[in-house]
Every structure is written in C-alpha cells, then in structure tokens.
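Trainee: generate coordinates for the sequence data below:
(chains A and B)
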There are 2 protein chains.
Amino acid sequence: MRITLIGSGNVATHLGAALKNAGHHIVQVYSPNAHNAALLAYHIKAEPIINLKDIHADTDLFIISVKDDAIDEVAAALAVHQKPIAHTSGATALKVLLKYTEHAGVFYPLQTFSKTREVDFRQVPMCIEGAYEDLSIMLRQLAQTISNNVQYVNSDQRKILHLAAVFACNFPNYLYHASQQLLAGHGLDFNLLRPLIIETAHKVEQQLPSGMQTGPAIRHDHKTMEAHLQLLHNNELMQNIYTLLSQAIIKMDDGKHSVE
Amino acid sequence: MRITLIGSGNVATHLGAALKNAGHHIVQVYSPNAHNAALLAYHIKAEPIINLKDIHADTDLFIISVKDDAIDEVAAALAVHQKPIAHTSGATALKVLLKYTEHAGVFYPLQTFSKTREVDFRQVPMCIEGAYEDLSIMLRQLAQTISNNVQYVNSDQRKILHLAAVFACNFPNYLYHASQQLLAGHGLDFNLLRPLIIETAHKVEQQLPSGMQTGPAIRHDHKTMEAHLQLLHNNELMQNIYTLLSQAIIKMDDGKHSVE
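Mentor: Take a look at the predicted model:
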C-alpha cells in the first residue's frame, strides 16, 4: 500500500518502520519540526514535509499519529484529498474524524514506544475500527501485515483500553521510578530490583494478577506495613501512595474471601 | 553442604529446590503443616518434620523461611543446636537472630515467588549478611552455588530494598489487577494488555524508569486525564489511585525540568 504518515513521534516512528519493513511504500512523512520529519523520512525512504499544504493525494491511506489535541486540525486539512484517514490514538473517538470525512478509521497500536528501544511489532495488539465495513477490512488487512494480534475494537472499548493501559503501564513505570529513587537515596543499585520487575510482569503472562499478589498487604502483615511507613517518614507523597495501594490490596483480598 | 530448611512456603520451596539442584543435601524440612512438610520434603529428598523438637543438629546450616513474626520463636528453638542460623526475610534485622545465637546470618533472595511458577534462580539477587566475617563468607559461597548475583547487604539497606520491592513488584501487580478488572467490566480480554505489561518491564532493563515514562500525566494532557476520571466515575478507589499517581508523575516531570 501507499501510506502517508502524519507525525514523527514515538508511535509514528515505530509504526512507519514496521509498515516499511512489511513492504509498504511510505509516500510522505509530515512533521512541523523539519529535523524530525527529515530523520524519520530518511529511515523509511519517504519524502519529508513540513507544511500540510504540500501533502498530496497520491496515497491509499493517511495515518495521523500526532498529539491527541492536534488530530482535529490535521484531519480537517487532509479531508480535502478524499482518501481514507486513520488515527492511532487510544483516547480519541472515531467521530472526531467523521466530522471531516466518511472514510474514517482507527489504527491503534496498544503498546508503549520509545524511540531508543526496538519493539517486536508482530506482538503488538493492533486495535482497528472503520466507519464502514470495507474500510475496517482494509485496515485489518494492513494491520495483519505488521502484527499477529489484530482486533476490532470500537471507540467506547478503546477508551477503556487506553485507560487500562495507564494502570498497566504508565503507573507501574512510575512505581519503578519511585523504587529506583528510594534505592539511590541509600546508595543501592537499581540492578538489584530489575530481575524482580521482569519476573513480576512475566508472572501475569499466563495467570491473572489477582492470583499472583504477594507482599505485606495481601498477607495483612500490619507490622511490616507500619515499619515501611516509618521508613518513608520524610516523604509524604510516597507514604500516601503506600497507604492507598496497600488499602486497595487489602480490599482486593477481602473481596476474594467474600466470594469464596 | 548439609542444610536444614525451616518452612515450606513459596520462598522455602524455591530455595530448597535450587539448593538441592546445586548438589547440597537438604537434611530435614520443617513445617507445622504435615501436608506441606511432606510435599516439599518429597521433592527435595529430605526428612519431613512437624515438631521443632524433632529437628537434629547434624546439619551445617539452618535456613529459616517462615512468616516474619514467627522467626523469633523458631530461632529460639533452634539456637540450642549451636549451628549457624540464617533467615530469608527482607524485613527482619539480623539482630532478631542475635538474641539467640552469635552464628546469625541472612540469606535473602530478592524475588517474588509463587509455587506454581518456575524461577531461574541464577538470576535472583541473593542478599547476604553474616554476624561475623567467616559466616558472611560461608553464606556468600553457598549463595554463589545457586545465583550469579550475590551481594552483601546490611540490615538497614535490606529494609530499604524490601520496601523498594513493594513499590517495584507488589504495587505494579495490584495495578495489573486493576487494569484487568477494568477490561473484564467491559467484556475485554486481558490478553490485549499483556504485551504492554511485559514491554513496560523490559524497557527499564537497560534504562532508568524516569526516561521511559509515557502516558497523559507526563505529557500534562489534562483533557485526557479528565476524560479518564469521568470513565471511573463509579469507582472512587480507582479515581483516587489515578489522581494520586498522575499527580506524582506530573511532579516527577517538574523535578526533572528544575534540574535541567
């Protein structure tokens, strides 16, 4: 397929590379930042564009991969070409594109991307939505060229997925950071925790997290929790996080017992 | 070495198997629960014991791997044999054993264990402490027969490590659970999030978490955060967690900017 990529951030970079590697032709890459446009365009052998008016219609699909609040404006500018437009946003409903075009779709890769880290795109769940069946099928077929895990997900479901991803990815990463800061404050190396972090994630690959919960809160070990809060006496934020999440774990356990 | 194992829980089970596989002789396994004692003893070819008085002194080391608040009592009973005693607890100071014996040590595997899941023990950081140098060396050498990652860690450092492990393991697992519950409430499969969870953990294998933070909070995307809180309108606990952790991420970002 001939694909035009709008954006040059983390998602655009990884998606562009995956599409290129799958044999598609990336026609143009747009970014208002000339350096970013040139860099990504170079890697995926596309033409870099820094003005939306220089984008041409000789393409099969526009993929919009920009900040959520810029999607609306970009879609308005692209609609004139009367080609399918798909965005890659977890938090943006299809209807944002439908204001400008009937050929509206979503092409959402449910993964966390950083430019400095390779991702095996075949493992990335691709969440597809199309305004009509032929477009859904086209997007699904395209997604299958880069991923083994393609799902139809409507806008309401995608909102929930995006929210759940904050709990499953963004918040755990912050907690890794908090643990690293705690160690650094006592001259301890974060390497000591890395195997634990990896194992914690892999434990839920086959099982549900509820069966994998360990630690003082699930054991109702109030003595240890009290000692931990003492260690955090000079850090109110960490104390608040500790208390709230420990209470949540205790409640999760209560829930389990009440079901049994 | 001849080793006597006190306990039959997750840690005792994995540690016992690792020691047995490394060629050590597990002499006896003690648990007040006859079934658990028999099961673990069978797997590691040891004698199961259900009364502390049946433990004999023909061993080189007692390893106490029981609930934290039971360590004291068990140590008191074992001290009469005048053999080295090490516990495996992250949260318990060496001095708890020193009340009963001068041959006191710690043999703490910094990992999360579940009986149903295999662990590559060679990757598990083993945190060692001994009341005197010869004992430290003995415990270190023993640890090196099962792990490639052996560290001397004193009681104060170990307390911090144990607390940090709650942030790096127990709390993330709870958040995985929260995300799974959210999906389940909307008929979505947790498999959609599993690749994200694995990738989030692997991203911090080489890098610090602060550089890997993604999501609406680090982007200061208040519109998305507001929409997420709306989706959680019937779940006060999830709203509180969302708000507290998002504020923490925003604060982390502010901190970074002030350093730059």
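Trainee: next, see if stretch A:189-196 gets close to chain B.
Mentor: Yes - contact between stretch A:189-196 and chain B, assessed by CB under 8 Å from any CB of the partner chain, occurs at A:Phe190, A:Asn191, A:Leu192, A:Leu193, A:Arg194, A:Pro195, A:Leu196. Backbone N, C-alpha and C define where each C-beta goes, glycine included.
Trainee: which other residues reach that stretch?
Mentor: Contact with stretch A:189-196 is made by A:176, A:179-180, A:183-184, B:110-112, B:123-125, B:127, B:149, B:151, B:161, B:164-165, B:168-169, B:204-205, B:208, as judged by CB atoms under 8 Å, 6 or more residues apart in numbering or on different chains.
Trainee: select only the buried ones of the residues you listed in PyMOL?
Mentor: Of those, the buried ones go into a single PyMOL selection, burial set by 16 or more other CB atoms under 10 Å in any protein chain shown:
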select buried, (chain A and resi 176+179+180+183) or (chain B and resi 110+111+112+124+125+127+149+151+161+164+165+168+169+204)
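Trainee: mind checking which of the contacts of stretch A:189-196 are in helices?
Mentor: A:Tyr176, A:Ser179, A:Gln180, A:Leu183, A:Ala184, B:Leu161, B:Ala164, B:Ala165 (DSSP state H).
Trainee: for the nearest residue to the fifth one once chain neighbours are set aside, give its distance to B:Pro209.
Mentor: Of all residues not flanking A:Ala184 in the chain, A:Phe190 sits nearest, at 7.3 Å (CB to CB, 6 or more residues apart in numbering or on different chains). Using CB to CB, to the nearest Å, one gets 8 Å for the distance from A:Phe190 to B:Pro209.
Trainee: list residues touching both of these two?
Mentor: Common neighbours of A:Phe190 and B:Pro209 (CB under 8 Å, 6+ apart) are A:Gln180.
Trainee: what about the two, which has more around it?
Mentor: When A:Phe190 and B:Pro209 are compared for neighbours, B:Pro209 comes out ahead with 23 against 20, by other CB atoms under 10 Å in any protein chain shown.
Trainee: pull up the per-residue confidence for the more buried one.
Mentor: Note for B:Pro209: predicted pLDDT of 96.
Trainee: now do A:Gln28
Mentor: 98.
Trainee: and the contacts of the helix or strand harbouring it?
Mentor: A:Gln28 belongs to strand A:25-30 when assigned by DSSP states H and E. Applying CB under 8 Å, 6+ apart, the external contacts of strand A:25-30 come out as A:1-8, A:12, A:16, A:19-20, A:37, A:40-41, A:44-50, A:52, A:54-56, A:58-59.
Trainee: in that strand, what's buried?
Mentor: Buried, per 16+ other CB under 10 Å, within strand A:25-30: A:Ile26, A:Val27, A:Gln28, A:Val29, A:Tyr30.
Trainee: kindly report the same for stretch A:233-242.
Mentor: A:Met238, A:Gln239, A:Ile241, A:Tyr242.
Trainee: residues in contact with it: which ones?
Mentor: A:175, A:178, A:182, A:225, A:228-229, A:232, B:166-167, B:171, B:244-245, B:248, B:251.
Trainee: repeat the analysis, applying 10 Å as the threshold.
Mentor: Stretch A:233-242 has contacts (CB atoms under 10 Å, 6 or more residues apart in numbering or on different chains) with A:171, A:174-175, A:178-179, A:181-182, A:185, A:217, A:225, A:228-232, B:163, B:166-167, B:171, B:240-241, B:244-245, B:247-248, B:251-252.
Trainee: stretch A:33-43 close to chain B?
Mentor: No - contact of stretch A:33-43 with chain B (CB under 10 Å from any CB of the partner chain) is absent, the minimum separation being 16.2 Å.
Trainee: name the element the nearest residue to A:Ala79 once chain neighbours are set aside belongs to?
Mentor: Of all residues not flanking A:Ala79 in the chain, A:Tyr100 sits nearest, at 3.8 Å (CB to CB, 6+ apart). For A:Tyr100, there is no host helix or strand (DSSP H and E).
Trainee: relative to chain B, how far out is A:Tyr100?
Mentor: Separation of A:Tyr100 from chain B (CB to the nearest CB, to the nearest Å): 20 Å.
Trainee: could you do A:Ile197 as well?
Mentor: A:Ile197 is 5 Å from chain B, by CB to the nearest CB.
Trainee: how many neighbours does that residue have?
Mentor: Using other CB under 10 Å, A:Ile197 has 28 other residues around it.
Trainee: quick check, it in contact with B:Val204.
Mentor: Yes - in this structure, A:Ile197 is within contact of B:Val204 by CB atoms under 10 Å, at 6.3 Å.
Trainee: identify the contacts common to those two.
Mentor: A:Pro172, A:Asn173, A:Tyr176, A:Ser179, A:Gln180, A:Phe190, B:Ala168.
Trainee: state the distance from the fifth one to A:Leu193.
Mentor: It refers to A:Gln180. Per CB to CB, A:Gln180 is found 7 Å from A:Leu193.
Trainee: what does the domain assignment say about chain A?
Mentor: Chain A breaks down into these domains under automatic domain parsing: A:2-153, A:159-259.
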